[in-house]
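In: I need the structure of the sequence given here:
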Amino acid sequence: SIERARRVVPGAPVCLGARAIVIGRLLGQTLESETEVVGFEPPRLFSTRAVRGPRLNTCFTLVPCASGARVDVEVSGDVPGGVLGARLAEGFLRKELLLSLERLRAISERESRDG
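Out: Numbering: from 1, shown residues only. The predicted structure follows:
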């Protein structure tokens, strides 16, 4: 659902406290949010919290496993619309996240093959 993103401070490194402006679509609406990196332990952990816009917190953890690696993702926060809004957003975000992770997997596998 993310269409574009940019760092608040152009060229600044990705690190704890770094911020980005993220623009995407959710249920037909264009949404802009600002996120802050609150967890950063390369290559194992990356987490953010929204400081403006939809109040979502995300945490991506890379876990080694027998077949390579697994990405565990946790998303929490508040969305407009109460319980119904939360259920709709969860279904949409789950679908979008799975598609994004599949694209990332394909890129990673292609790069590891092509060396």
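
In: any chance you could map the helices in the protein?
Out: In the chain, the segments counted as helices under DSSP state H are 82-114.

In: residues of the worst-scoring helix or strand of it on mean pLDDT that come out buried?
Out: Ranking every helix and strand in the chain by mean pLDDT, DSSP states H and E puts helix 82-114 at the bottom, with a mean of 79. Judged by neighbour count using 16 or more other CB atoms under 10 Å, the buried positions of helix 82-114 are 89, 93, 97. Yep, even glycine has a C-beta here, placed from its N, CA and C like the rest.

In: one more: stretch 34-51?
Out: 35-37, 39-40, 46-50.

In: okay, and the beta partners of Val63?
Out: Val63 has the following beta-bridge partners by DSSP bridges: Arg70.

In: average pLDDT for the longest strand along the chain, rounded please.
Out: In the chain, taking DSSP state E as the definition, the longest strand is strand 29-41. In this model, strand 29-41 has an average pLDDT of 92.

In: Glu36: what's it in contact with?
Out: Applying CB atoms under 8 Å, 6 or more residues apart in numbering, we find Glu36 in contact with 17-19, 48-49, 51.

In: one more time with 7 Å, if that's ok
Out: Listed by CB atoms under 7 Å, 6 or more residues apart in numbering, the contact partners of Glu36 are 17, 19, 48-49, 51.

In: and stretch 7-27, how far from the chain's centre?
Out: With CA atoms, centre = their mean, to the nearest Å as the basis, stretch 7-27 stands 11 Å off its chain's centre.

In: could you give the number of residues near the residue nearest to Leu104 when sequence neighbours are not counted?
Out: In space, and not counting its chain neighbours, Leu104 is closest to Val71: 7.8 Å by CB to CB, 6 or more residues apart in numbering. Val71 has 14 neighbours, counted by other CB atoms under 10 Å.
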